[in-house]
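Student: Next comes the sequence, and after it the predicted model I'd like to discuss.
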Amino acid sequence: MRFHMGIITLLWAACLTAAPQTEIKQSLNLAQAIAAVLENNPQLQTANFDTQAAAARIRQQMQSPPMKLAVDVENLGGTGNNSGIRQLETTFSLTRMLELGDKPMLRGGIARSEAALLSNEQDAIRLDLLSETAKRFLDVANTQEQRNLARERISLRQKTLKVVQQRFRLGKAAAAELNGARINLVRAELALEGTDHQLASTRRALAVLWGELTPGFQTVTGNVFALAPTPDIATLDQLLEQNPSLVRFATQRRLAETRLRLAESARLPDIEFSGGLKHFNASDDVGLLFSVSIPLGSDKRALPRVNEASALAEKEPLLAKDKRLALRSTLFGLHQELVHASHIVETLKTRVLPEAKAALEDYTLGYTAGRYSLLELVQAQDTLLQARLEVLNAAADYQRNRLEIDRLTGGAMSPISAPGGAQ
């Protein structure tokens with residue numbers, strides 16, 4: 001079985017250079033999170049036992065039918081001349097079934113394909129789990145950036161309150177403006193408290209993946225705004241063949257073909273040989289026994305099984321085709337969202353944020369000089385903060401879509417690499 005484990009390979013390589021889970025400090029990076037999940041996630045730890053059971057099933061299915069030892073006793077305890085043990089006849093025989101058509105090897109082949117299916121499932125589970133780890137890591141990083149925006153809002157409200165207080169002392173601002181500035185500050189502080197609670201929830205949701213209810217870290221280091229180049233859809237279509245579902249269909253097709261060959265092998269009858277010794281108690285003589293047993297009508301009896309296995313084998317390519325079409329449709333939609341999110345981030349950074357910053361500077365100076373109202377100044381602050389939040393949301397959407405594309409294609413596209421912030 002060949003399976004392109006893109007994200008797993010990349011993240012595992014990163015884990016090799018990362019500190020073990022027991023050494024996680026206040027700050028956590030993605031490699032440390034992945035290492036902790038690979039080492040301690042209970043779902044992954046059960047995989048070894050499933051693998052051992054699958055190996056045992058292969059050995060079991062490849063065994064030939066056992067030899068049988070039989071002891072037959074005749075004329076025991078009869079009447080007349082056959083009373084007692086005078087006419088006792090005792091037969092000792094060994095029977096061996098000779099399976100034709102490579103049936104043991106075919107059964108072993110089915111067990112190996114079933115083990116390959118199990119491996120496919122484990123790969124898919126591992127990939128899904130690592131993808132989920134990256135998503136939860138992204139949630140923590142995203143919430144940290146939201147908290148930074150909430151702190152920036154508080155900073156702006158505090159500066160505004162100082163200016164209003166100065167203007168109030170000079171008699172240039174009404175008491176209502178001072179009250180409004182204080183209210184705005186309290187609301188900003190409440191918003192910061194809300195992000196603290198959200199951050200605690202996302203941190204725990206991440207730590208639970210490696211079995212911790214109390215996270216052993218305070219922050220994560222990841223740059224939500226670092227957008228990797230957007231891959232073209234043609235490249236992603238090619239990578240889609242590495243999707244765990246499609247790899248599983250390929251294994252299922254091989255399994256169905258092996259089952260068909262095993263059903264066809266039933267057309268060849270299994271031959272039973274038996275040989276042994278027969279002891280005649282009356283004369284104390286010994287005779288040899290030999291028999292051959294061949295079932296009749298094997299070809300006709302095997303036909304329904306062959307037809308069933310053939311029908312099941314024929315449907316596998318159609319199921320794979322249907323799954324491939326569905327995945328390509330999903331992939332195309334995700335790619336469109338990826339391109340759109342990237343465009344939003346770029347437009348907001350280059351066209352909206354500079355204008356919002358310039359407008360806030362003008363309103364700040366204008367309010368101090370008495371040219372603008374407090375409401376206009378607060379609206380200018382909110383416009384800038386909202387634009388930065390939109391950049392963050394679009395960047396987070398880009399990363400989520402990229403992670404989902406990564407999960408679909410098995411590609412190595414880990415998006416959260418280094419600390420950073422919005423420009």
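Tutor: Great, that's in hand.

Student: what sits against residue 131?
Tutor: Residue 131 makes contacts with 7, 403, 404, 406, 407, as judged by CB atoms under 8 Å, 6 or more residues apart in numbering. No exception for glycine: its C-beta is placed from N, CA and C like everyone else's.

Student: show me where the protein has strands.
Tutor: Along the chain, counting by DSSP state E, strands occupy 27-28, 68-74, 89-98, 219-220, 271-280, 285-293.

Student: hey, which of those is tucked in deepest?
Tutor: Highest mean neighbour count among the strands of the chain (mean count of other CB atoms under 10 Å): strand 219-220, with a mean of 20.

Student: Out of the strands of the chain, which is closest to residue 337?
Tutor: For the strands of the chain, proximity to residue 337 was assessed by CB to CB; strand 219-220 is nearest, at 24.0 Å.

Student: what number of residues lie near residue 217?
Tutor: Neighbour count of residue 217, defined by other CB atoms under 10 Å: 20.

Student: which residue sits closest to it, ignoring its sequence neighbours?
Tutor: residue 28 (3.8 Å; CB to CB, 6 or more residues apart in numbering).

Student: That neighbour and residue 131, how far apart?
Tutor: 18 Å (CB to CB, to the nearest Å).

Student: next one: residue 262
Tutor: Distance from residue 262 to residue 131, counting by CB to CB: 37 Å.

Student: So residue 85 sits against residue 281, correct?
Tutor: Yes: checked against CB atoms under 8 Å, the pair residue 85 and residue 281 is within contact range at 5.8 Å.

Student: between those two, what contacts are shared?
Tutor: By CB under 8 Å, 6+ apart, no residue touches both residue 85 and residue 281.

Student: For the stretch 101-250 of the chain, which segments count as helices?
Tutor: Assigned by DSSP state H, counting those that start in this stretch, the stretch 101-250 of the chain shows helices spanning 103-169, 175-207, 233-239, 244-265.

Student: In CSV: those, plus mean pLDDT and distance to residue 90.
Tutor: Formatted as CSV, the helices of the stretch 101-250 of the chain follow (pLDDT from 0 to 100; distance: least, CB to CB, whole Å):
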stretch, mean pLDDT, distance to residue 90
helix 103-169, 91, 33
helix 175-207, 96, 73
helix 233-239, 89, 71
helix 244-265, 84, 38
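
Student: Switch those helices over to TSV; also include distance to residue 217.
Tutor: Formatted as TSV, those follow (distance: least, CB to CB, whole Å):
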stretch	distance to residue 217
helix 103-169	9
helix 175-207	7
helix 233-239	32
helix 244-265	30
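
Student: Just want the most central residue of the chain.
Tutor: The chain has residue 128 as the residue nearest its centroid, 1.2 Å off, counting by CA atoms, centre = their mean.

Student: who's in contact with that residue?
Tutor: Residues counted as contacts of residue 128 (CB under 8 Å, 6+ apart) are residue 407.

Student: Then residue 65?
Tutor: Contacts were defined as CB under 8 Å, 6+ apart; by that measure residue 65 touches 96, 97, 99.

Student: how close does the nearest residue to the second one once chain neighbours are set aside sit to residue 105?
Tutor: If the residues on either side of it in the chain are set aside, residue 97 comes closest to residue 65, at 4.1 Å by CB to CB, 6+ apart. Here the criterion is CB to CB. By it, residue 65 lies 14 Å from residue 105.

Student: Also residue 318?
Tutor: Per CB to CB, residue 318 is found 29 Å from residue 105.

Student: same question, residue 357
Tutor: For residue 357 relative to residue 105 (CB to CB), the value is 73 Å.

Student: again with residue 180
Tutor: As defined by CB to CB, residue 180 lies at a distance of 84 Å from residue 105.

Student: same question, residue 166
Tutor: According to CB to CB, residue 166 and residue 105 sit 91 Å apart.
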